[in-house]
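Colleague: Sequence and predicted structure below; questions after.
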Amino acid sequence: MPLLEIKSVSYQAGAAKILDDLCLSVEGAEVHALLGTNGTGKSTLAYLIAGCEGYKPTAGTILFDGRAIQTFKIHERAQLGITMAWQEPVRFEGISVAQYLTLKNRELNPAPYLAMVGLEPRRYLARMVDRSLSGGERKRIELASILALHPRLAIFDEPDSGIDMLSIHDIINVINICKENGSAVLLITHREEIALIADKASQICRGKIVCSGPPAKVAAYYKSRQCLTCDTEGRADGCP
Amino acid sequence: MDALEQLMQAFANTGGDRAVLADSATAHLVADGHTILSSRAIEGIEVEARETASGISATVRVRQGVRLTNPVHLCFGVLHKRGSQNIRMDVHLEKNASASFIAHCIFPGAEQVIHAMDAVVTIGEGAEMRYSETHFHGLHGGVEAIPKAVVSVGKNGRYLGEFNLITGRVGRLAIDYAVEAHENAVVELTARVFGHGRDTIEIKEKVVLAGENSRGLIKTRVAIEDEASAEITGITEGNAAGARGHVDCMEIVKDKAVASAIPVVRVTNPLAKVTHEAAIGSVDKRQMETLMVHGLSPEEAVEVIVKGILS
């Protein structure tokens, strides 16, 4: 049984159909890359899985560990082990990095998790998670907070956006640590080189999964055609 | 238990360190209502306090060039359920002096208490004063606190003022601070208040940047719930070349509480610049979701956010 199973999920916002009969499975401890260009529904899918306010499937089922979770609230899903790192993490006034990394477990030593994302604990633990941090620093702290949670499923929504190329290896490191810890990862990205670290990849186009399989093949297909060859129904022509 | 012991017990209950009173290297002034219970001056600082027909009058003077290592502790309170406390305070920091003040205003069992503070502060050239005032008004909402201060900060001087009332009820709070900053002076005013029940909060803080290259920041953080109300007025005037000021107000509103913010910026010199920002509303949705995706319940998430802005 897959850890996460998205069964024929559709999502409509007003007249716009964002997700259309989408199916996707993620196994336990699997790193699954979801490739897609801007506006194809990647982040919407992440919000539906995490249970963000206002994001409920208009059709279909989301199963986690075999349990339908679409009526569960965001924190109830988090308590089941689903968490997410946002594409643009928010800032908090008056909350230190150390507090942020130990929100759910005050006994935890947060230092090793900062080191895992390339931040020197001594320099960052007492700093505030506010505007004094750069976008890249804030993003790394978000990734560290996910590692500290030891989730069963971590959704990374474009972890590479806003981070310089030199830091890509830190992201890959984070994902590998998740995997070593037994966490499944849904890795949302529009960069095929990031997707290559996954065990499996899928391409999303106009709210549908148009292609799934080994990352190298899906990435090659995505790189060569991206969404250009999808027809208006969202079908691709010749996914490997 | 005598009044001093009772007040010190209340002081300790609100996080104060009662050992400071016994420390011969630390200046202090302690008063219950209109009765002075204890005071101490140390070398370099004069503390003169007297009981008057209408309340307490105190003068604190830090001598030229004296840089106090230990903060001066002020502890004011009313131990009875009903009563009043009127304090007239004159503080002078002479040229190049430096001192920190920690004030506790404690009204643990107040049901109908008025606390009025009228302070005049003069900070001399190159002098620096840090003033932190923490209030505890008990759980009944029976305190009316009216702190007023007029502060003058001399050339190259610094004044960093903090007001905190985040535990227990507020009752009615009406702050009225006015600070004038002279050449190269720096002023920072920070207020943090958490209102509940039918508490009413009025905060008016004014910084006049009168001197060239003076700097001013007014930062206000207020959270209100139930039927509490808050009106925050932050006024900054830029009247000299190179003056820079900023007004930053954030209010979180829950339940039926009502908040308003009135930032006033006024510039009379084209080389001065004053900015403002104000955010009022319920707890930020994205912040809530971020904390909830970390496993916090909605109630826990609100608590973390509110504590954060009030910390």
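Modeller: Looks like it arrived, so ask away.
Colleague: Return the list of helices and strands in contact with the helix or strand where residue B:193 lies.
Modeller: Using DSSP states H and E, residue B:193 maps to strand B:186-195. In terms of contacts (3 or more Cβ pairs under 8 Å, 6 or more residues apart in numbering or on different chains; DSSP states H and E), strand B:186-195 is packed against strand B:143-153, strand B:158-165, strand B:172-181, strand B:200-209, strand B:215-224, strand B:229-238, helix B:298-310. Backbone N, C-alpha and C define where each C-beta goes, glycine included.
Colleague: So which of those is nearest residue B:130?
Modeller: Among these, the nearest to residue B:130 by Cβ to Cβ is strand B:158-165 (4.7 Å).
Colleague: quick one: strands adjacent to that closest one?
Modeller: Strand B:158-165 pairs in its sheet with strand B:128-136 (parallel), strand B:186-195 (parallel), by DSSP bridges.
Colleague: Do you know the pLDDT at the residue of chain A found nearest chain B?
Modeller: Proximity of chain A to chain B (Cβ to the nearest Cβ) peaks at residue A:94, 3.4 Å away. At residue A:94, the pLDDT value in this model is 94.
Colleague: ditto for residue A:223
Modeller: If you check residue A:223, the pLDDT there is 81.
Colleague: What sits closest to the residue in the stretch 201-311 of chain B that chain A sits nearest to if chain neighbours are left out?
Modeller: Residue of the stretch 201-311 of chain B nearest chain A, by Cβ to the nearest Cβ: residue B:308 (3.4 Å). Using Cβ to Cβ, 6 or more residues apart in numbering or on different chains and skipping residues adjacent in sequence, the residue nearest residue B:308 is residue A:94, 3.4 Å away.
Colleague: so how far is residue B:16 from the one you found?
Modeller: From residue A:94 across to residue B:16, the span is 22 Å (Cβ to Cβ, to the nearest Å).
Colleague: In terms of neighbours, single out the busier of the two.
Modeller: Neighbours were counted for residue A:94 and for residue B:16 using other Cβ atoms under 10 Å in any protein chain shown; residue B:16 has more, 21 against 18.
Colleague: can you pull the contacts of the residue of chain A closest to chain B?
Modeller: Each residue near residue A:94 by Cβ atoms under 8 Å, 6 or more residues apart in numbering or on different chains is listed here: A:128, A:130, B:307-311.
Colleague: give me that answer again for 10 Å
Modeller: A:128-130, B:192, B:221, B:304-311 (Cβ atoms under 10 Å, 6 or more residues apart in numbering or on different chains).
Colleague: Adding mean pLDDT as columns, could you present the helices and strands packed on strand B:186-195 in a markdown table?
Modeller: Formatted as a markdown table, the helices and strands packed on strand B:186-195 follow (pLDDT from 0 to 100):
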| stretch | mean pLDDT |
| --- | --- |
| strand B:143-153 | 98 |
| strand B:158-165 | 98 |
| strand B:172-181 | 98 |
| strand B:200-209 | 98 |
| strand B:215-224 | 97 |
| strand B:229-238 | 98 |
| helix B:298-310 | 94 |
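Colleague: Please tabulate those in CSV, including the columns distance to residue A:12.
Modeller: Shown next, in CSV, are those (distance: least, Cβ to Cβ, whole Å):
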stretch, distance to residue A:12
strand B:143-153, 54
strand B:158-165, 48
strand B:172-181, 49
strand B:200-209, 44
strand B:215-224, 37
strand B:229-238, 40
helix B:298-310, 26
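Colleague: how about TSV for the ones you listed, with distance to residue A:36 and mean neighbour count added?
Modeller: Formatted as TSV, the helices and strands packed on strand B:186-195 follow (distance: least, Cβ to Cβ, whole Å; neighbours: other Cβ atoms under 10 Å in any protein chain shown):
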stretch	distance to residue A:36	mean neighbour count
strand B:143-153	57	21
strand B:158-165	49	22
strand B:172-181	53	21
strand B:200-209	49	23
strand B:215-224	40	24
strand B:229-238	45	23
helix B:298-310	30	18
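Colleague: Please list the residues of the stretch 51-200 of chain B that sit near chain A.
Modeller: By the rule Cβ under 10 Å from any Cβ of the partner chain, the part of the stretch 51-200 of chain B lying against chain A is residue B:192.
Colleague: still on that earlier bit, of the strands paired with strand B:158-165, which approaches residue B:208 most closely?
Modeller: Each of these has some distance to residue B:208 by Cβ to Cβ; the shortest is strand B:186-195, at 9.2 Å.
Colleague: what's near enough to touch residue B:95?
Modeller: Residue B:95 neighbours (Cβ under 10 Å, 6+ apart): B:63-65, B:123-127, B:154-157.
Colleague: Buried only: go through those for me.
Modeller: B:123-127, B:154-157 (16 or more other Cβ atoms under 10 Å in any protein chain shown).
Colleague: Of the residues you listed, which belong to strands?
Modeller: The strands in this structure, assigned by DSSP state E, contain residue B:123 from the buried ones among the contacts of residue B:95.
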